[in-house]
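Chemist: A predicted structure for the sequence below; I have some questions about it.
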Amino acid sequence: MAQDREKLTPGNFWGDPDNEYEKINRNADRNNALDSDFRSHLTTNTAHNSSDIDDNSGETTGKVTDAIQSLRSSIDSITTADSNADIGVYSIADNSNTNNYEGTVTGLSYFSGLKVNLLTANQNTASSTLNLNSLGAKSIKVLDTKGNKHDLTGKEIYGIAQLEYDGTDFILINGTYADYTPAIYNTSSIFSAGYGTDESGEILDYRSSIKNGQVNVVLRGNTRTNLIPTFDSGEWTLNANVTVDSSTKITLDATDNNQYSNVKIPVKSNTKYTLSVKNFDGGTIKALFYNESTYLTGLQSNENSITLTTTSDTTDILVELTNSNTIDTFVWEEVQFEETEIVKPFITGTKSTLSTRLKSIGKNLFDGELELGNLNLTTGEDSDSSIIHRSKNFINVKP
């Protein structure tokens, strides 16, 4: 405990006039009182808390260290939020809306590069938007192979949609624009000179591949396959109460529980597949894992899609459509089973999703072989020449 400051008297402060003693002594009393108050604040709970720091209120229970720690936690929280806004991926869910999706992330606003995982219960049926924190709906777009943005047309979003904001629109990262067809190449100059441009103005140079007046061009595209056969193919085992409405649609008028139709599909091991159905309005879809004829395990859903990964010993998946324990009328249309992690637009069989057409105008018939010599333009007779070149071989032409 600090000693009180000694009061001054004429005997211990030589040379001061008598009228200064009381003034100095009063100052000593005030200093001793301040020392006492300060030490009381440090050693007791009679101190300021965080609210007191904010609004300068009176003393309450709590220590100064508690208030500082509370303030530090608030600062850390703000710093973390700022960091996430730059590099984080935010997850939101919308289980009620279709096409015009909504989500909330406290304190978050739109910025270029913002990444969002949107979990939806309802698959989109047309062009779509996302309204984050009621800041205004932004269109969801998909990119083609040339980087051009397109509106969604339906069935691109289901389950988890990975989105990235580019400053104007949300771009669907885990989706493709299947209907995009690259520009038709005007190849007249390519086949005559070996170089030219496409209809987008991009340079095409094939001069290094010209041989005997021909240019080798390799076209590459994305190929998709729906492994489900059509309902009229004879490969399905159909329930007796099923009506085949078309090659891609059946109707079950169920009269009992667990009436099903199924088909067995050969698959790869350790591979992701997605089973999907259009306009799903009830019933159950199942994916049953088999090793040849031995049942392994199974998945089922009352929604319109299942994404699965086959096990190392899976050889086949039995796709089954059933009413389960409900007696009613059920419709299954555009059933698709594809090697993919997401639901994609429906196709039958195998389809190239990036088609390209080449238009060839003209062809160089000259084989490139020359020799020294001349031809008489009147008689057509050969004559020798040391400076004139002519084609070595005749060129076949049409009359």
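Modeler: Nice, thanks for sending it over. Numbering: from 1, shown residues only.

Chemist: elements contacting the longest strand seen in the chain?
Modeler: Looking across the chain with DSSP state E, the single longest strand is strand 329-338. Applying 3 or more Cβ pairs under 8 Å, 6 or more residues apart in numbering; DSSP states H and E, one finds that strand 329-338 makes contact with strand 249-253, strand 272-278, strand 316-322. (Each C-beta comes from the backbone N, C-alpha and C, glycine too.)

Chemist: I'd like to check the angle between the first one and strand 329-338, please.
Modeler: To tie it back to what came earlier, the one meant is strand 249-253. In terms of direction (axes from the mean of the first three to the mean of the last three Cα atoms, to 10 degrees), strand 249-253 departs from strand 329-338 by 140 degrees.

Chemist: Contacts for whichever helix or strand comes after strand 249-253 next, please.
Modeler: Downstream of strand 249-253, the next assigned helix or strand under DSSP states H and E is strand 260-266. Strand 260-266 is touched from outside by 227-229, 235-239, 242, 250, 252, 290, 315-323, 337, with contacts defined as Cβ atoms under 8 Å, 6 or more residues apart in numbering.

Chemist: do you know how far the residue lying closest to N97 once chain neighbours are set aside is from G380?
Modeler: Distance criterion Cβ to Cβ, 6 or more residues apart in numbering; nearest residue to N97, sequence neighbours excluded, is N122 at 6.7 Å. In this view, N122 and G380 are 80 Å apart by Cβ to Cβ, to the nearest Å.

Chemist: which of these two has more neighbours?
Modeler: N122 (16 against 7; other Cβ atoms under 10 Å).

Chemist: okay, that one: pLDDT?
Modeler: Each residue has a pLDDT score; the one for N122 is 87.

Chemist: again with R207
Modeler: Residue-level confidence at R207 comes out at 60, pLDDT.

Chemist: what do you get for T379?
Modeler: So T379 comes in at 83 (pLDDT).

Chemist: Double-check that K155 belongs to a helix.
Modeler: No. Assignment of K155 by DSSP: H, G, I helix; E, B strand; the rest coil gives coil, placing it outside any helix.

Chemist: correct me, but it touches I347?
Modeler: No. If you go by Cβ atoms under 8 Å, K155 and I347 don't touch, sitting 11.4 Å apart.

Chemist: before we move on, back to that, what comes into contact with the longest strand of the chain?
Modeler: Residues outside strand 329-338 that contact it (Cβ under 8 Å, 6+ apart) are 224-228, 245, 248-254, 265, 273-283, 285, 317, 319, 321, 323, 343-344, 346-347.

Chemist: which residues touch the residue nearest to N97?
Modeler: 95-98.

Chemist: can you rerun that using 10 Å?
Modeler: N122 sits next to 94-99, 101, 157-158, 303-304 when contact means Cβ atoms under 10 Å, 6 or more residues apart in numbering.

Chemist: go on, T326?
Modeler: 254, 257-258, 282-284.

Chemist: What's the PyMOL line that selects buried ones from these?
Modeler: To isolate the buried members of the contacts of T326 in PyMOL, using 16 or more other Cβ atoms under 10 Å:
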select buried, resi 254+283+284
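
Chemist: Using CSV, please lay out the contacts of T326 together with distance to L365 and pLDDT.
Modeler: Formatted as CSV, the contacts of T326 follow (distance: Cβ to Cβ, whole Å; pLDDT from 0 to 100):
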residue, distance to L365, pLDDT
A254, 69, 93
N257, 74, 92
N258, 70, 91
G282, 66, 75
G283, 64, 85
T284, 65, 90
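
Chemist: Quick check: of the contacts of T326, which lies closest to K141?
Modeler: Within those, the smallest distance to K141 is 32.7 Å, found for G282 (Cβ to Cβ).

Chemist: ok so, going back, okay, K155 and I347: which has more neighbours?
Modeler: Counted by other Cβ under 10 Å, K155 and I347 do not tie: K155 has more neighbours, with 22 against 15.

Chemist: got any ranges where the stretch 1-150 of the chain has weak pLDDT?
Modeler: For the stretch 1-150 of the chain, the stretches with pLDDT under 70 are 1-88, 145.

Chemist: before we move on, the earlier item: may I see the helices and strands packed on strand 329-338 organised as TSV, with mean pLDDT, mean neighbour count and distance to F394 added?
Modeler: Formatted as TSV, these follow (pLDDT from 0 to 100; neighbours: other Cβ atoms under 10 Å; distance: least, Cβ to Cβ, whole Å):
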stretch	mean pLDDT	mean neighbour count	distance to F394
strand 249-253	93	18	62
strand 272-278	92	21	59
strand 316-322	95	21	62
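
Chemist: Lovely, talk soon.
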